[in-house]
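A.B. asks: curious how this folds, go ahead:
(one chain, ligands or ions: 2)
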Amino acid sequence: MANNSAAANGDHQVTKKPPPTPSPLRFSKFFQPNMRILVTGGAGFIGSHLVDKLMENEKNEVIVADNFFTGSKDNLKKWIGHPRFELIRHDVTEPLLVEVDQIYHLACPASPIFYKYNPVKTIKTNVIGTLNMLGLAKRVGARILLTSTSEVYGDPLVHPQPESYWGNVNPIGVRSCYDEGKRVAETLMFDYHRQHGIEIRIARIFNTYGPRMNIDDGRVVSNFIAQALRDEPLTVQLPGTQTRSFCYVSDMVDGLIRLMEGEHTGPINIGNPGEFTMLELAETVKELINPNVEIKKVENTPDDPRQRKPDITKAKELLGWEPKIRLRDGLPLMEEDFRLRLGVAKKK
Ligand SMILES: NC(=O)c1ccc[n+]([C@@H]2O[C@H](COP(=O)([O-])OP(=O)(O)OC[C@H]3O[C@@H](n4cnc5c(N)ncnc54)[C@H](O)[C@@H]3O)[C@@H](O)[C@H]2O)c1
Ligand SMILES: O=c1ccn([C@@H]2O[C@H](COP(=O)(O)OP(=O)(O)O[C@H]3OC[C@@H](O)[C@H](O)[C@H]3O)[C@@H](O)[C@H]2O)c(=O)[nH]1
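C.D. replies: Numbers count the residues shown, from 1 in each chain. Ligands and ions are numbered 1, 2, ... in the order given. Have a look, this model is predicted:
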């Protein structure tokens, strides 16, 4: 990466330290120089879609490391046995020794009900897991991308959120294992970059939805679609005026790959700026999927952010990326997948 000023190349901070030397095989004359890519958390929702896209390129070899806490082999079944694909049952809180050129580091439960289930483990995954992957990146000279989150902005007091906003995060709340965990993970990424010259990329992902989300994942889009298909009331948590901005998974994967392949460390927001209240989301799901379903208000959980919308100026300017799929077009694609898995046919 060029070492000119941060302002000129749009990066947050840059280092003068050269990156560690990649494996000699990279420059060997007769070795078939495939790109070896590790995807941690690759059996999960976003990870498995990312693997599908990476596997389309015949020059890529993909290794997935996953402990299957929220992910599943089912998400990767079309690749198991493929000569360019390997699946390892591995927990990132333990060191991993593999020879790779790039690391997409996604491993971490993402749905609040799952990351709050064992908060100490969530912190370990974010901190020790990221440390282990950075150690691996340093040893083999790989470039590493961290999937951070819009949750680093906490309950934001600036709207929409640019990357320069430092956030409003409760350090001792029930969500802290995840949002503070990701903040430390970002810190570790930059410290390894400055101290050891590691090539880093940080994506701050905003709420993403699409096929393959766990049916009982607990996140709002999967909950509403599953509820609509089961004729159960859509559970809007109070007050219902809180907002989120929803990005379809193929747009997200495109953004992550552009960030990895580009020249900018980030952090860069990747998300869809279309902003909806949870009541609006429920009304849209009702209209598109089941007009007879009831909408019910239920209790919320502590520290739920009241508003969230990405400022994607940086992604547009530095990555040439912006989302293409509107919520109204993405929901029916997810509905199709949920109908298949739940065995609920569309009424004629
Ligand atoms: N989906 C979103 O809206 C969203 C938003 C912001 C950030 N992210 C980030 O994107 C990444 C993927 O999220 P997702 O929505 O696909 O979630 P997911 O829960 O479907 O996937 C996470 C994967 O990580 C694996 N995993 C968890 N802990 C692990 C550990 N200790 N060792 C190895 N594997 C482990 C899980 O088994 C799963 O396969 C996460 O890092 C998440 O924080 C997602
Ligand atoms: O059934 C539900 C579930 C959730 N909600 C509401 O929907 C909103 C979104 O909740 P989700 O659980 O889907 O996700 P959150 O936005 O709170 O967190 C997400 O943010 C970004 C990522 O890092 C993670 O994927 C996740 O932590 C919240 O305001 C919540 O109160 C409902 O109204 N009904």
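
A.B. asks: what helix or strand is Pro302 on?
C.D. replies: Secondary structure from DSSP states H and E places Pro302 outside every helix and strand.

A.B. asks: from Phe114, how far out is it?
C.D. replies: Distance, Pro302 to Phe114, using Cβ to Cβ, to the nearest Å: 17 Å. Using the backbone N, CA and C atoms, a C-beta is placed for each residue, glycine as well.

A.B. asks: who has more neighbours, the two?
C.D. replies: Neighbours per residue, other Cβ atoms under 10 Å: of Pro302 and Phe114, the larger number sits with Phe114, 18 against 9.

A.B. asks: wait, what's in contact with that one?
C.D. replies: Applying Cβ atoms under 8 Å, 6 or more residues apart in numbering to Phe114 gives the contacts 69-70, 217-218.

A.B. asks: ok, now with 10 Å
C.D. replies: Contacts for Phe114 (Cβ atoms under 10 Å, 6 or more residues apart in numbering) come out as 69-70, 108, 122, 178, 214, 217-219.

A.B. asks: before we move on, what SS does it have?
C.D. replies: Here Phe114 takes the helix state, with states given by DSSP: H, G, I helix; E, B strand; the rest coil.

A.B. asks: near ligand 1, which residues of the stretch 51-200 of the chain are found?
C.D. replies: 66-71, 91-93, 106-110, 125, 129, 147, 149 (Cβ under 6 Å from any ligand atom).

A.B. asks: ok, of these, which come out buried?
C.D. replies: 66-67, 69-71, 91-93, 106-110, 125, 129, 147, 149 (16 or more other Cβ atoms under 10 Å).

A.B. asks: mind listing which of the residues you listed are in strands?
C.D. replies: Those of these mapping onto strands are 66, 147, 149, per DSSP state E.

A.B. asks: how far away is the first one from Gly320?
C.D. replies: The one in question is Asp66. Distance from Asp66 to Gly320, by Cβ to Cβ: 31 Å.

A.B. asks: quick revisit: relative to ligand 2, which of the contacts of Phe114 is nearest.
C.D. replies: Distance ranking of those against ligand 2, using Cβ to the nearest ligand atom, places Arg219 first at 3.4 Å.

A.B. asks: hang on, that closest one packs against Phe45?
C.D. replies: Yes - applying Cβ atoms under 10 Å as the test, Arg219 and Phe45 come out as touching, 9.3 Å apart.

A.B. asks: any idea which residue sits dead centre in the protein?
C.D. replies: Thr147 (4.8 Å; Cα atoms, centre = their mean).
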